[in-house]
Structure formats: C-alpha cells, structure tokens
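[1] Just to be clear, the model below is a prediction. Sequence and coordinates:
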Amino acid sequence: MVLKISKKKLSVLLFFSLLLGIHPLFAQINFIRVNQVGYYAHSTKQAILANMEAEEFEIREHVSGDVVFRGELPEGKHWKQSNETLQVADFSALTKPGKYYVYCLNEKSHPFEIKEKAVFESLSVWTLKAFYMWRASTDIKSEYATFNGDDYSRAMGHPDDTVYIHPTAASEKRPIESFISAPRGWYDAGDYNLYVVNAGISFHALAMAYEMYPNYYKSLNLNIPESGNGVPDLLNEMKWELDWLFNMQDEDGGVYHKLSSLRFCSMMLPSEDKLDRYMIGKSTAATLNFSAIMAMASRIYAEYDSVFPGLSERALKASLKAWSWAEKNSDVHYSNPEGVRTGEYGDRGRSFSDEFFWAAAELFITTGEKKYFEKLDFMQLFETPTWAEVNSLGLVSLALHKERLSKITNLDVVDRKFKGLCENIYNMCHYCPNLVPIKKFEWGSNGVIATNGAILGLAHYVYKSDKYKEAMLSTFNYLLGTNPTDYCFVSRFGSRYPKNFHDRRTTAWNRSEPMPGYLAGGSNANQVSDCGKQNYPSSAPARCYLDKTCSYSTNEIAINWNAPMAALTGIVENTIGR
C-alpha cells in the first residue's frame, strides 16, 4: 500500500516509532487491521485501529471507493503488550456481500471480503492439508500438493524402515544398535524428527474438532491419496500419524520418547537428509500421551472398522498396555542424553499428574469404566493446555462428552472446572484492548491463541452463550490480521502473510511463495537473539515478530500450532457459517 505522507508527518512517525521501541526500518504506518481472509455477512465484523484517536470510520467499496458504511469509534484503550492505543471499529450492520476496506484519517486497511458462505472453507482445507505436506515416508504428489498453480510436490524422505535403538531405549529384546521399522507420521515442525509428546496435543485438537462436528468433516474433501475410501479425510490424515505411533510402543508397553537423528540436519529437503535415525529414550510423559491418543482413536475409528479392520480394538489394547506401564513407571523423566541435540520435550522437575489426568479421562470416556474416573485429580490447576501441561485436554474431552457420561457418574465437578477454564480464557479476551486471549507473548504464542480460540468455540458449543462465540471470533480475527504485526499469520491467505518460515522444506526450495496453510509461531518477546535483537521490528512483546528464516523463535511452524488453528477454523465455519 502506498500512502501519501508529508515529510513532517513521516518525521513524527519515526520519532514515535523510536519512542515505542520500533526499529525505523520497520516502522508500522498501516494502523488499520482487519481479518484479511474475510467476514460472514451476518456475523460480528470488527477491525482494530491503532494510534488513530479518531471519532469515526468508514467502510468503502474496494474498486470504486464509494462509502457504504459509517460508524462511530469508542474511546481508545492502551495495550501494554503492543504499546499502542487501540479502538475497535464495529461494522456488523454491514451485511451486503462485496469487497471492501476500512478508511479512517486518510489511512486504509488491507482489502477484505464479506460473503454469505464458505468464507473459511479453503482455510479449513489447507490448514489440515498442511499435515499431508508434513508426511514422512512418502512422496508428496502434485495432484494433492498444488495451490493456486504452485506445485509443492517432493520426493519421499525418511522411509524409517531402519530405525536404530539408542542406548537410552535399549532392552533385552531390543539391544543397542538393533533396529526396527517405524515409518509414517508427521514431521514435528521445521525439522524432520518425530516426537510423541507433541503428537499428543496435536492429535487431541484435531480429534476434538471431529467429535464436535463429525458431519462437517465427513463431507470435507481434503484431496489426499486416501480420499473416497469411505472414511472422512481428516481421519485418514490422522491415521498416518497413528500408524507411526503404534511403532513407538515397546513390547513392554512403554513408549519411546522420540524418533530422531542425533542432531538437526541442515536446511535441505527430506529426501536429502541421510542422517541415521534412532528410537531415543522411554518416558512416562510419552507413554501417557500415547495412552490418551490411542483411547481417543479407539472410539473415533470404531465406526470405520470395515475399512480399517481391528484398528479400534488394537488402539484400545495399546492404550491399556501403555497405561499399565505408566502406573508401574510413574516418574520416568526424559532429558537429552549426551550426543543428542534435537528437540527435548522434557518435563524436568515436574510431576506427571497432568498426563495421568488426560490419559485416565480418555480411557473413562472410551470404556465407560468408573475406575478411570476415580483416578482423576480435580484439585489440579486447569489452564490453557500446552504440550507440557495437558490436564486441560482431559477436561475438554470430559466436557464434550458430559451428557453421555453423566449417566455413569456425577460430573458436576467437570462442569465447574471446565466453566472456570472457559471464564478465565473469556476474561483474558474481553479485557484485552486487542480482544485476544493471551497474557504473555512467549514461544508459540499463536498456538496458545488458537488453542484458546478453539476452547472458546467448545464453550459456546456446550453452554450456548454468545459471549463465548464473540470471543472466539475476535481471537480468530487476531490470527488472520487484527494483530499489531499486520500479518495474517497463515501462509498464502490474506494480503500479507509469512513467506520465510524457519522450515527446512521452505528454505531448501527457496521459492517466492511458501507452502499454504501453515501458522507461524508468532510474537515472542523472550528470544530475539536468533536474528539479532536489532533486527526485530519492536521490543513491544506483541510486535516482536520477524518474517525471516533465522527467526526460529517467532517464524517456525509446528504441528501443535497448526492443529488448533485447523480446529478453530472448522469450529468457526460450523458456528458462524452453517
């Protein structure tokens, strides 16, 4: 966007940018932020104006510039996280489909569309197809990997038919340097390793969305190799991860912590990485994550036993075997051994009460056996789930299945705890000038925000309260453009999106356009040494984001961020669009 701006005004902007901690080269002069993907005609529609201090705004038609709506602006509120004064522009009364922009004080926003239907359908498809693109042990083919004419096919990498047993994972039956086959699964992030702990929270987000809206996902065509086999494409994609996970369980029921090389490979394509790969460690955290995943899989895939014979039964047996191992080995922590320098996903100094809660909850839901409910410790603190704190995943699942489970036992405590979690997330959003539920901008902030958005969507699903729906929408808007960076954080969507992910495929390809459907990690005030502090656009936490390959702290991608984004998108489509 080209703005006519006087030298005097530019000097003032540069002065205030320095005052706000913004590098002059990155001074943000587009202060009107919208959901760049669009809005549903009959839903709430809001934009965020920063440092405008205006009294009114206009919506103008994109081509003609004709004014189609005028609205008043509330008094601005200062947001410490971005060091800006923000105003919310509400244009919900504008329901006519079309392409528009917000105009205020000679500034205008990115263009956006208002539509009657399918506003986020493509986003829903491609945030899920990102997982197909993440598949290990297979070719990624053109007919499934082309977006707007750009072909992202690639040769197979990591067949993983020879995975060595690391000394930390060795047993009598699987001694050091013996090997097993463990193909498939999803690459974890911008690297090519696979971690059970991060698979857990990722699988849960996708499974939750499916269990909320099975009919939607039964009709959603992802155009993947398995499409048309009588199973919803989402479940087909999730099975690719399940097939790998089955191989991560040792014969004694314990689960290896990760399948990994000893170090990260350089920025190359999967087919070029020839480093040896190992089963490394065995941990209580990985085993309980595995138990929870398999319990979920057992109930979800039971309907499709004719297509996947025995899968549901096999998953439940694996879950129970893992649970039994964890009860006997309840405090086996993981930390990287000497010589291993890939992702750790460790729980140093923490108890595993949260993992036990989640696994027991899923086993209770799947089996209906009260003995698992009696294992649940509701005296824990339930907050936004992360890979390291997963008890709220169990709480979410219990809330989703509360009506059925209440016939087995009294679930009032579930309702109290879940309502408390939802209220905490809602209040974070409601009292934030930018209408986003987050307290601190740390590693993977966008994943946290997407997770909170999905939980707000579930809160509306359970309690039918519009306040949760509106908070979910403003959270969704933030990720798609109403944030202080002015980015739509999902690649290939919106007008301004990340192009230089910290991702080996993206870097090795060196294309002008990134793969579609990936959510950037997001603003992170705690780690700016990767590209050099001086190269980040601002020291304000919510603005501390850099679209550069070197910025692994803000611009990496990961399955545990994409999964809640995909879930949130599907929930929004079903809540608003249907």
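    Sure, I can see it. Model, not experiment: these values are computed from the prediction.

[2] from here on, contacts and neighbour counts on C-alpha atoms
    Will do.

[3] Tell me where this protein is predicted with low confidence.
    Residue ranges of the chain with pLDDT under 70: 1-30.

[4] quick check: domain ranges of it?
    Following the assignment in automatic domain parsing, the chain carries domains at 1-30, 31-119, 121-488+554-576.

[5] Now distance to residue 518 too, for those domains, in TSV please.
    Output for the domains of the chain, formatted as TSV (distance: least, C-alpha to C-alpha, whole Å):
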stretch	distance to residue 518
domain 1-30	24
domain 31-119	14
domain 121-488+554-576	6
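
[6] and among the ones you listed, the most buried is which?
    domain 121-488+554-576 (a mean of 20; mean count of other C-alpha atoms under 10 Å).

[7] how long is that one end to end?
    Length of domain 121-488+554-576, first residue to last, C-alpha to C-alpha, to the nearest Å: 12 Å.

[8] Of all the domains of the chain, which one is nearest residue 534?
    When the domains of the chain are compared by C-alpha to C-alpha, domain 1-30 sits nearest residue 534, at 7.6 Å.

[9] And stretch 277-286, end to end?
    18 Å.

[10] who's in contact with the spatially closest residue to residue 322 that is not a sequence neighbour?
    Spatially, and ignoring its direct neighbours in sequence, residue 322 is nearest to residue 253 (4.7 Å; C-alpha to C-alpha, 6 or more residues apart in numbering). Residue 253 makes contact with 287, 318, 321-325 under the criterion C-alpha atoms under 8 Å, 6 or more residues apart in numbering.

[11] which one of those residues is nearest residue 193?
    Using C-alpha to C-alpha, the contacts of residue 253 come closest to residue 193 at residue 287, 17.8 Å.

[12] Secondary structure element holding the closest one?
    helix 284-301 (DSSP states H and E).

[13] picking that back up, I'd like the contacts of residue 253 laid out as CSV, including distance to residue 80 and secondary structure.
    Shown next, in CSV, are these (distance: C-alpha to C-alpha, whole Å; DSSP: H, G, I helix; E, B strand; the rest coil):
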residue, distance to residue 80, secondary structure
287, 41, helix
318, 48, helix
321, 49, helix
322, 46, helix
323, 45, helix
324, 48, helix
325, 47, helix
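
[14] Which single one of the residues you listed is nearest to residue 340?
    Closest to residue 340, out of all of the contacts of residue 253 and judged by C-alpha to C-alpha, is residue 287, at 20.4 Å.

[15] hang on, the closest one packs against residue 254?
    Yes: between residue 287 and residue 254 there is a contact at 5.7 Å, judged by C-alpha atoms under 8 Å.

[16] got any residues that touch both of those two?
    What both residue 287 and residue 254 touch, as defined by C-alpha under 8 Å, 6+ apart, is the set 322, 325-326.

[17] in what helix or strand does the spatially closest residue to residue 435 that is not a sequence neighbour lie?
    Setting aside the residues directly before and after it, residue 435 is nearest to residue 429 in space (C-alpha to C-alpha, 6+ apart), at 4.8 Å. Using DSSP H and E, residue 429 sits within helix 412-430.

[18] Can you name the secondary structure element that comes next after that helix?
    Per DSSP H and E, the helix or strand that comes after helix 412-430 is helix 445-463.

[19] now the angle between helix 412-430 and that next one, please.
    Counting by axes from the mean of the first three to the mean of the last three C-alpha atoms, to 10 degrees, helix 445-463 lies at 130 degrees to helix 412-430.

[20] Run the chain-centre distance for helix 445-463.
    11 Å (C-alpha atoms, centre = their mean, to the nearest Å).

[21] other SSEs contacting that helix?
    helix 391-400, helix 412-430, helix 466-479, helix 559-576 (3 or more C-alpha pairs under 8 Å, 6 or more residues apart in numbering; DSSP states H and E).

[22] which residues sit against the longest one?
    Helix 412-430 is contacted by residues 378, 382-384, 395-396, 398-399, 402, 435-439, 452, 455-456, 459, 468, 471, 475 when judged by C-alpha under 8 Å, 6+ apart.

[23] Run the angle between it and helix 466-479 for me.
    Going by the same axes, to 10 degrees, helix 412-430 makes 50 degrees with helix 466-479.

[24] now helix 412-430, how far from the centre of its chain.
    20 Å.

[25] CA atoms only for stretch 164-174 - export them in PDB, please.
    Output of stretch 164-174 as PDB, limited to C-alpha atoms (Å, rounded to 0.1, in the frame of the first residue of the first chain):
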ATOM      1  CA  TYR A 164      18.300 -47.800  15.400                       C
ATOM      2  CA  ILE A 165      17.700 -48.500  19.100                       C
ATOM      3  CA  HIS A 166      19.600 -45.800  21.100                       C
ATOM      4  CA  PRO A 167      21.300 -46.900  24.300                       C
ATOM      5  CA  THR A 168      18.700 -44.900  26.300                       C
ATOM      6  CA  ALA A 169      15.900 -47.100  24.700                       C
ATOM      7  CA  ALA A 170      17.600 -50.500  24.700                       C
ATOM      8  CA  SER A 171      16.100 -53.600  26.300                       C
ATOM      9  CA  GLU A 172      16.900 -57.300  26.400                       C
ATOM     10  CA  LYS A 173      14.800 -57.900  23.300                       C
ATOM     11  CA  ARG A 174      15.900 -54.700  21.600                       C
END
